[in-house]
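Undergrad: Sequence first, then the predicted structure, then my questions.
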Amino acid sequence: MKKNKLTTVLMVAAGLTASASLVVTADPVDEALEIDGQAMISRTAAPDGHPLKEVISGWHYRKAETRNLEKDTFENPGMLAVEQGEEIWNTVEGTAGKSCASCHNDASESMAKVGSTYPKWNEASGKPFNVELQINQCRTENMGAEPYKFDKGGQKPLTAYIKHQSLGKPVEVDLAEGEMQKWWESGKDLYYKRTGQLNLSCASCHEKNNGKHIRADHLSQGNINGFPTYRLKQGTLISVHNRFRGCIRDTRAEFPAAFSDELMALELYVTWRGTGLSVETPGVRQ
Amino acid sequence: MSGIQKQIAAVLATACVSYFAVSTAVNAGEPTAPADVKIENLAINDSLTGAPGDPAAGKKTFVNRKLGNCLACHANSDLADQPFHGEVGPSLDGAGSRWSEGQLRTIVVNAKAVFTKETVMPGFYSLDVGADVREDLIGKTILTAEQVEDIVAYLATLK
């Protein structure tokens, strides 16, 4: 009973003291995203079973300077990496004397739906594959080349180049294949698992508090339709698993290895949470 | 308004009570371990160190991003000189009038005990933490007993 009384006091008091001057409240900006004049779906109704009503791209939560950089591929600093990825696509590597292009020809056709439909069920491995894992499988099995180490070699630029071929296409993962549903469930468990000394889950920040500031950062829904994204602060592309690991680390927890089953499940689940959003790779973030 | 006034009266009353509690516990020595902290009616009435906190030191710990980092989630007009106040929690203006010292101590020690288990506010002197805690932090609290007392003393000044 006492608890109820206190809660009421808290609510009344919070209302009385709402301090407008110190806090810059910033809802996701109500603006349409076009990239080179092509309309992007950057907010859309959430799919069935989604905890939020509307799915919103992280682009809406950034400041005008950052948003503008993403609207124009000449201004987007991430496009340099995409061009680098195109070079890698056409470069022969490994004992088989092949490049990606040797098998897949024109990426704008062969890769057009890859960025919007991965992670995809990989029967032989018994797990979902993201673009990075698929690239590594092609390198080892078809090219006779070494797999890329996490975030090393051409992994980020080549992934960005491949996903960029799906620019504008709505994200849609196929949960009916193989054991995708089971992986989706474990990804969901992880999303709500509170970790670390600070005892926070992904949902604590990106579901409960998106749209609010956490110190200088404006919390988004944590969608990954723009990955790899170009981060101005780091001056480089940031991969999905790097971002996940960073967010988990910030709760003062040990974080799983890149491409571990945990992070693959999380990637599948978080991709699903962004269902319907256009692929924006490479997104630009602060 | 009368609710708030009642709270203020309660704060004053508890402040007096805990003043006595402190003066009898001053020679306790070791700070109370997280597992031994006693919460009664949402309040922890005894100082964790047996001594009153230092509000000036508490203000520093409150701001420090590696310690309290309280501004990450809370606005506080008393720190208007600091940029970027968060909005995840309520503004702390007047927190010292809304809550008794014992309640403020509970909020900082383990916010879950005052709000709900779902609160996103970390427990700063609690071992009831999340999964997979970073190895070097296992069994450790975010703040020391002394730092908690300093912050509580500082919060009590936010009238």
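TA: Right, received. Where do you want to start?

Undergrad: hmm, stretch A:43-62 touching chain B?
TA: No: Stretch A:43-62 is not in contact with chain B by C-beta under 8 Å from any C-beta of the partner chain; minimum separation 13.2 Å. C-beta coordinates here come from the backbone N, C-alpha and C atoms, glycine included.

Undergrad: in that stretch, what counts as buried?
TA: Buried residues in stretch A:43-62, counted by 16 or more other C-beta atoms under 10 Å in any protein chain shown: A:43, A:44, A:46, A:55, A:56, A:57, A:58, A:59, A:60, A:61, A:62.

Undergrad: Work out the gap between the host helix or strand of residue A:157 and the centre of the chain.
TA: In this structure, residue A:157 sits in helix A:155-164 according to DSSP states H and E. Here helix A:155-164 shows a centroid-to-chain-centroid distance of 13 Å under the convention C-alpha atoms, centre = their mean, to the nearest Å.

Undergrad: mind exporting the following helix or strand past it as CSV, just the C-alpha atoms?
TA: With elements assigned by DSSP H and E, the helix or strand that comes after helix A:155-164 is helix A:180-192. Provided in CSV are the C-alpha atoms of helix A:180-192 (Å, rounded to 0.1, in the frame of the first residue of the first chain):
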residue,chain,number,x,y,z
MET,A,180,14.6,-19.9,-38.1
GLN,A,181,11.7,-19.6,-35.7
LYS,A,182,13.8,-21.3,-32.9
TRP,A,183,16.7,-18.9,-33.6
TRP,A,184,14.3,-16.0,-33.6
GLU,A,185,13.1,-17.1,-30.1
SER,A,186,16.6,-17.2,-28.7
GLY,A,187,17.4,-13.9,-30.2
LYS,A,188,14.3,-12.5,-28.5
ASP,A,189,15.4,-13.9,-25.2
LEU,A,190,18.7,-12.2,-25.6
TYR,A,191,17.0,-8.9,-26.5
TYR,A,192,15.2,-8.9,-23.2
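
Undergrad: residues of the helix holding residue A:157 that come out buried?
TA: Buried-residue list, helix A:155-164, by 16+ other C-beta under 10 Å: A:155, A:156, A:157, A:158, A:159, A:160, A:161, A:162, A:163, A:164.

Undergrad: what's the neighbour count on residue A:32?
TA: Counted with other C-beta atoms under 10 Å in any protein chain shown, the neighbours of residue A:32 add up to 10.

Undergrad: Distance of the residue nearest to the spatial centre of chain B relative to residue A:199?
TA: Centroid-nearest residue in chain B: residue B:108, 3.1 Å away (criterion: C-alpha atoms, centre = their mean). Residue B:108 is 14 Å from residue A:199, where distance means C-beta to C-beta, to the nearest Å.

Undergrad: Quick one: end-to-end length of stretch A:229-246, please.
TA: This stretch, stretch A:229-246, spans 14 Å end to end (C-alpha to C-alpha, to the nearest Å).
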